[in-house]
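Chemist: Structure for this input, please:
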Amino acid sequence: MWSDQQGRRTAYLGPMLALAIVAQAPSSARAGVKAADVASWPIVVAADAPPGEKRAARELGDAFAEAVGKRPEVVADRPAGPAVVIGKASGLKTEGLGDEGFTIRVGADRVAIAGGSPRGTLYGVYSFLEDEYGVRYLTADATSVPRVDPAATLADGERTFRPRFAWRHSYYRANQDHPELAARLRDNAVVDAPELGGRSPWSLISHTVYQWVPVAKLGKTNPELFSLVEGRRRAFMADDQFDQGGTQPCFSNPEVRRRIIDGVLAELASKGQTDGVVSISQNDNQQYCRCPACAAIDDREGSHMGSLLALLNEAGEAVAKVRPGVCVGTLAYQHTRQPTRTLKPGPNVAIQLCSIEACQVHPLNDPACERNQSFCRDLDGWCKISDKVYVWNYNVDFTSYNLPCPNIEIIGANVKYLASNGVRGVFMQAAGDGRNTELCDLRNHLISRLLWDPSVDDRRVIDEFAARYYGAAADDVKAYLKLIAETPRKKGVHHHCFGTAADYGYDDSTGREALALLERGMARAESPAIRDRVEKLTVGPRTILLEPFARWVRGHQGEIAAGRLKEAPPEAYRGMEAELRELFRLYERHGVDRYSEGLPAAALKATLPASLFATPAP
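Modeler: Okay, the predicted model is just below:
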């Protein structure tokens, strides 16, 4: 079915095919070859080209077919006339471009695109289509391809691009479920398929030391291996991370060091790992060791990273002897966030600094936000003593995956700030273990575009996404975004990534105003598909309106997730029955499968009386 409205043509191709939004591209006044002509030229890719280059040729052909209405031929040998030449067939030199850099050369009868192996050529084609043809990869089922202006031209010349961040990870489930989307957005942390370029050898640094010093196995027989806190070795729990507050190894203990280093070397040998990173990082709690040996190092270094970093440097030396291409990585997280005074990370030791305490309302480098300024001081300190600094940044409310998160307008500033420092790679943590969470479509697109090229205008990206994805409802969606970002700023709120509606300054009036904006957008939507996209956003304000119920859920989340709570007390939702039914209707219609990090939506619904969701008698 085709519908024409306001100069756009929207094709509804069914659930298994991509939805292509075709808009009129702006004309270009540059001198050079005509863009429409290039889109009709044969595409040359070598017969023995690697899978990623062949994929690049297909992607180029698909976009050209949409842009000019005719699919170009893909051939293995360059014809006598004009052609677009991809990868190894181009003859372009790719030395020094790394895994992902590329060169694009435009001439009167030839466009050549080639990059480093394994992802450079594929990423070069995606960038060429974005920059020269206005293609936008919005979601897994929505790619926007403008019609080519007959007068538009491509400027002659050559350009080379290397991404600022070597490792980029936008943690949304869509990238895991749809690896072709991750490749198009150039998220190099999740894709395995060779035809999509494969993934970076780098990986997320996370909590690991429990693997080699497990308290459940060693606590009773070797309590000295675990942290000394308030005069007692924390060796009495069943779980290293959270049981009774958790525990940490005593990092100054020689046996702890031996177990961890031997374990890491055995892991590298069993995997045959020759590059990337192996993680040696603290458990997810703050029960660090206060024994005299650990405390002496930490006091000298002015950071509880001291005793851990001494171990890391020792492990780094051991790893370098057998796997010189592998780094040892650790989290600078909570009690280990501050850089050390005299100890410096070894040449193959990487630091992944975590911003979990940072404010979700203000940019990381906002001088008026002390919560964020402390993070900036730590980042500056680590970058002064290490050239292998990565960042784990938070872009989610863990308390409620579907409550509006106020950081939408500061994501751009945060990525630009990290890019302006010595950061090598960024993990943007979002609701990656859930599907269809708050603003996931826009956030994933925005974060990925910025990680690939931090110089892009984030506000323009937001406006452009809204126009192409939400159509006639775009202005109402942008008004909604402004409301959820401005409300906490105007109220002087400073809050981190665990919050209720009240914590972010949202109240019932905010929820009603936000809902009204989106309902107006739904009424303006030019198609059922657009209306559905806007309706999915209404989960956010409806979550605000259920704040009393949300407080109850927060207090009982563990019991609900474990299935130990038989029934919610009536006062938890009294007077909100209709709102609660509508929330779960939206969950089911739009595939929302998690309420929060620790709570599946189905588990929450199972707690509530079935009568609450019964269809009223006519």
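
Chemist: For burial, what's the neighbour tally of Arg524?
Modeler: The local packing of Arg524 (other C-beta atoms under 10 Å) involves 17 other residues. C-beta here means a position set from N, CA and C on the backbone, and glycine is covered the same way.

Chemist: Which residue ranges of the stretch 201-350 of the chain form helices?
Modeler: Using DSSP state H, counting those that start in this stretch, the helices found in the stretch 201-350 of the chain span residues 215-218, 254-271, 292-301, 306-322.

Chemist: what do you get for the stretch 351-500 of the chain?
Modeler: Residue ranges of the helices in the stretch 351-500 of the chain, as given by DSSP H, counting those that start in this stretch, are 370-385, 411-420, 440-452, 458-470, 474-490.

Chemist: ranking those by burial, who's on top?
Modeler: helix 440-452 (a mean of 25; mean count of other C-beta atoms under 10 Å).

Chemist: quick check: angle from that helix to helix 458-470?
Modeler: Helix 440-452 and helix 458-470 are oriented at 140 degrees to each other (axes from the mean of the first three to the mean of the last three C-alpha atoms, to 10 degrees).

Chemist: Now render the helices of the stretch 201-350 of the chain as JSON lines, adding mean neighbour count, distance to Thr500 and mean pLDDT.
Modeler: Supplementary listing: the helices of the stretch 201-350 of the chain in JSON lines, determined by neighbours: other C-beta atoms under 10 Å; distance: least, C-beta to C-beta, whole Å; pLDDT from 0 to 100:
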{"stretch": "helix 215-218", "mean neighbour count": "17", "distance to Thr500": "33", "mean pLDDT": "98"}
{"stretch": "helix 254-271", "mean neighbour count": "16", "distance to Thr500": "39", "mean pLDDT": "98"}
{"stretch": "helix 292-301", "mean neighbour count": "17", "distance to Thr500": "35", "mean pLDDT": "98"}
{"stretch": "helix 306-322", "mean neighbour count": "20", "distance to Thr500": "34", "mean pLDDT": "98"}
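
Chemist: For Ala112, list the residues it contacts.
Modeler: Val84, Val85, Ile86, Ser90, Gly91, Leu92, Thr103, Ile104, Arg105 (C-beta atoms under 8 Å, 6 or more residues apart in numbering).

Chemist: what do you get if the cut-off is 7 Å, keeping everything else the same?
Modeler: By C-beta atoms under 7 Å, 6 or more residues apart in numbering, the contact list for Ala112 reads Val85, Ser90, Leu92, Arg105.

Chemist: can you check Phe226 too?
Modeler: When the contact criterion is C-beta under 7 Å, 6+ apart, the partners of Phe226 are Val215, Gly219, Arg233, Arg234, Ala235, Thr247, Pro249, Cys250.

Chemist: and if you look at Leu517?
Modeler: Taking C-beta under 7 Å, 6+ apart, we find Leu517 in contact with Asp476, Ala479, Tyr480, Leu483.

Chemist: run the last query once more with 6 Å
Modeler: With contact set as C-beta atoms under 6 Å, 6 or more residues apart in numbering, Leu517 has these partners: Asp476, Ala479, Tyr480.

Chemist: Same list (the residues you listed) but as a markdown table, adding distance to Ile205 and pLDDT.
Modeler: What follows is the contacts of Leu517, written out as a markdown table (distance: C-beta to C-beta, whole Å; pLDDT from 0 to 100):
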| residue | distance to Ile205 | pLDDT |
| --- | --- | --- |
| Asp476 | 41 | 98 |
| Ala479 | 39 | 98 |
| Tyr480 | 36 | 98 |
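
Chemist: which of these lies closest to Ser279?
Modeler: Proximity of the contacts of Leu517 to Ser279, judged by C-beta to C-beta, is greatest for Tyr480, which lies at 39.1 Å.

Chemist: Which residue is the nearest non-sequential neighbour of Ile530?
Modeler: In this structure, Ile530 finds its nearest non-sequential neighbour in Gly471, 4.5 Å apart by C-beta to C-beta, 6 or more residues apart in numbering.

Chemist: distance of the one you found from Gly521?
Modeler: From Gly471 over to Gly521 the distance is 9 Å, taken as C-beta to C-beta, to the nearest Å.

Chemist: In terms of packing, which of those two has more residues around it?
Modeler: Just comparing Gly471 and Gly521: by other C-beta under 10 Å the higher neighbour count belongs to Gly521, 28 against 24.

Chemist: Give me the neighbour count for the closest residue to Ile260 other than its chain neighbours.
Modeler: Closest residue to Ile260 in three dimensions, ignoring its sequence neighbours and counting by C-beta to C-beta, 6+ apart: Trp212, at 4.7 Å. Here the number of neighbours of Trp212 (other C-beta under 10 Å) works out to 19.

Chemist: ditto for Pro324
Modeler: 10.

Chemist: Kindly report the same for Asp99.
Modeler: For Asp99, the number of neighbouring residues by other C-beta under 10 Å comes to 19.

Chemist: What of Gly91?
Modeler: Residues within reach of Gly91, counting by other C-beta under 10 Å, total 11.

Chemist: Let me see the backbone angles for it.
Modeler: phi 80, psi 0 (degrees, to the nearest 10).

Chemist: Now do the strands in the stretch 101-250 of the chain.
Modeler: Assigned by DSSP state E, counting those that start in this stretch, the strands in the stretch 101-250 of the chain fall at 102-106, 110-115, 136-139, 142-144, 153-155, 157-161, 167-170, 228-229, 232-233.

Chemist: angle of the second one against strand 157-161?
Modeler: Right, the one you point to is strand 110-115. Orientation note: strand 110-115 sits at an angle of 10 degrees relative to strand 157-161 (the same axes, to 10 degrees).

Chemist: Can you tell me which of the contacts of Leu517 comes closest to Leu343?
Modeler: Tyr480 (48.1 Å).

Chemist: Quick check: the gap between that closest one and Ala473.
Modeler: Separation of Tyr480 from Ala473 (C-beta to C-beta): 10 Å.

Chemist: just Gly124 next, same as before
Modeler: In this view, Gly124 and Ala473 are 34 Å apart by C-beta to C-beta.

Chemist: cool, Val423 as well?
Modeler: In this view, Val423 and Ala473 are 36 Å apart by C-beta to C-beta.

Chemist: swap in Lys88?
Modeler: Taking C-beta to C-beta as the measure, Lys88 and Ala473 are separated by 45 Å.

Chemist: Next: Leu418.
Modeler: Going from Leu418 to Ala473 by C-beta to C-beta gives 32 Å.

Chemist: can you check Lys482 too?
Modeler: As for Lys482, its distance to Ala473 is 15 Å (criterion: C-beta to C-beta).

Chemist: Which single one of the contacts of Leu517 is nearest to Arg449?
Modeler: Using C-beta to C-beta as the measure, the one of the contacts of Leu517 that approaches Arg449 most closely is Tyr480, at 20.5 Å.

Chemist: ok, for the closest one, nearest residue in space, not its chain neighbours?
Modeler: Take Tyr480 and drop its neighbours on the chain: the residue closest to it by C-beta to C-beta, 6+ apart is Leu517, 4.6 Å away.

Chemist: elements contacting whichever strand or helix holds Leu580?
Modeler: Take DSSP states H and E as the rule and Leu580 turns out to sit in helix 577-590. With contacts taken as 3 or more C-beta pairs under 6 Å, 6 or more residues apart in numbering; DSSP states H and E, helix 577-590 sits against helix 539-545.

Chemist: got the contact list for the helix it packs on?
Modeler: By C-beta under 6 Å, 6+ apart, the surrounding residues in contact with helix 539-545 are 402-404, 438, 501, 506, 510-511, 514-515, 579, 583, 586.

Chemist: how close does the closest residue in space to Asp458 that isn't next to it in sequence get to His445?
Modeler: The spatial neighbour of Asp458 that comes closest, neighbours along the chain excluded (C-beta to C-beta, 6+ apart), is Gly412 at 2.5 Å. When C-beta to C-beta is applied, the distance between Gly412 and His445 equals 12 Å.

Chemist: Who is the residue lying closest to Val38 once chain neighbours are set aside paired with across the strands?
Modeler: Of all residues not flanking Val38 in the chain, Val111 sits nearest, at 5.6 Å (C-beta to C-beta, 6+ apart). As for beta bridges, Val111 partners with Val84, Val106 under DSSP bridges.

Chemist: how many other residues sit next to Val111?
Modeler: 23.
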